[in-house]
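Enquirer: with the sequence up front, the predicted model follows.
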Amino acid sequence: QIHLVESGGGLVHAGDSLRLSCTASERAFNTYNIGWFRQVSGIEREFVGTVRWSGGDLYYNESFLGRFIITRENHKNTVYLQLNNVTPDDTGVYFCAAHQLPTLRNMSPRDFNYWGQGTQVTVSA
């Protein structure tokens, strides 16, 4: 079992960039593929993208490709989500989650075993 903790959210302006972090203290973190999801109030969590445990393979939801970037630093037990040129539509709670399935594509929340508590991102116009 791993316990994921997100951080880095906050209030930003449209056009800004910010970086979210997902960490865990357990060494096993580095054996899990980590994904990011965004949830807008009242709507199902939207898949952003995922990175393989090694950091060598990534997959993004096309809606976020090119503007959101996932990176991984296993020596820090941390996965990052860089949000660039944000808009008010990017407002929501961002979650990281862990899984050990072989695929990284078109993932849904039910594919993930462990979740963080989420970090709120609010973008003002």
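Expert: Happy to help now that I have it.

Enquirer: tell me the centre residue of the protein?
Expert: Nearest residue to the geometric centre of the chain (Cα atoms, centre = their mean): residue 36, 2.4 Å.

Enquirer: can you map out the strands along this protein?
Expert: In the chain, the strands defined using DSSP state E lie at 5-7, 10-13, 18-23, 33-39, 46-51, 58-60, 68-73, 78-83, 92-99, 114-115, 119-124.

Enquirer: just to revisit the earlier point, tell me the contacts of the residue nearest to the centre of the chain?
Expert: By Cβ atoms under 8 Å, 6 or more residues apart in numbering, residue 36 lies in contact with 20, 22, 48-50, 68, 70, 79, 81, 94-97. (Each C-beta comes from the backbone N, C-alpha and C, glycine too.)

Enquirer: one more time with 10 Å, if that's ok
Expert: 6, 20, 22, 45-51, 60-61, 64, 68, 70, 79-81, 83, 94-97, 116 (Cβ atoms under 10 Å, 6 or more residues apart in numbering).

Enquirer: cool, residue 89 as well?
Expert: Residues in contact with residue 89, defined by Cβ under 10 Å, 6+ apart, are 14, 38, 40, 123.

Enquirer: min pLDDT across the residues you listed, which one?
Expert: The lowest pLDDT within those belongs to residue 40, with 92.

Enquirer: and the nearest residue to that one once chain neighbours are set aside, how far is that from residue 41?
Expert: Counting by Cβ to Cβ, 6 or more residues apart in numbering, residue 92 is the residue found nearest to residue 40 once chain neighbours are left out, at 4.5 Å. From residue 92 across to residue 41, the span is 8 Å (Cβ to Cβ, to the nearest Å).
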